[in-house]
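following is a predicted model, sequence given first.
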Amino acid sequence: MFSIQFVFIFIKMTDFISEIQKTIDINHCNVIFDFITESEERNKGNYLRILYLIAKKFRNKTLMIYSQSNNYFSKKAIVKAGFVFKKRL
């Protein structure tokens, strides 16, 4: 059973990423961001499972997801879920 997690998915043309103080052009992608996982629910594979479900639900859409470069576990799950690294911001 999944714990409750929060995630936002929006269709945007540009996005301001507050963590790096940059606005990026994203060409109407479905942007996945700001996952929130309660600390007691971390390291249980929920993030990866939710990424799989999102990828399946939006399989005919262009998705973009980003993570801070120092967030090793998030980056690992993103790649394992099938997302492809495009560029470093």
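Nice, thanks for sending it over. Numbering: from 1, shown residues only.

what helix or strand is the closest residue to residue 48 other than its chain neighbours on?
Distance criterion C-beta to C-beta, 6 or more residues apart in numbering; nearest residue to residue 48, sequence neighbours excluded, is residue 77 at 4.4 Å. The C-beta positions use only the backbone N, C-alpha and C, and glycine is treated the same way. In this assignment (DSSP states H and E), residue 77 forms part of helix 72-80.

which residues are in contact with that helix?
Here helix 72-80 makes contact (C-beta atoms under 8 Å, 6 or more residues apart in numbering) with 35, 43, 47-48, 51, 65, 67-69, 85.

mind listing what residue 57 touches?
Applying C-beta under 8 Å, 6+ apart, no residues contact residue 57.

what's the pLDDT at it?
pLDDT for residue 57: 89.

for the closest residue to residue 29 other than its chain neighbours, give the beta-bridge partners.
Leaving aside its chain neighbours, residue 29 sits nearest to residue 64 (4.2 Å; criterion: C-beta to C-beta, 6+ apart). Note on residue 64: beta-bridge partners by DSSP bridges are residue 31.

my guess is residue 64 contacts residue 25. True?
No - judged on C-beta atoms under 8 Å, residue 64 makes no contact with residue 25 at a distance of 11.0 Å.

any idea how far residue 71 is from residue 46?
16 Å (C-beta to C-beta, to the nearest Å).

who has more neighbours, the two?
Taking neighbours as other C-beta atoms under 10 Å, residue 71 and residue 46 compare with residue 46 leading, 19 against 13.

measure the residue most central in space within the chain to residue 40 for me?
Nearest to the mean C-alpha position of the chain, by C-alpha atoms, centre = their mean, lies residue 65 at 3.8 Å. Distance from residue 65 to residue 40, counting by C-beta to C-beta: 24 Å.
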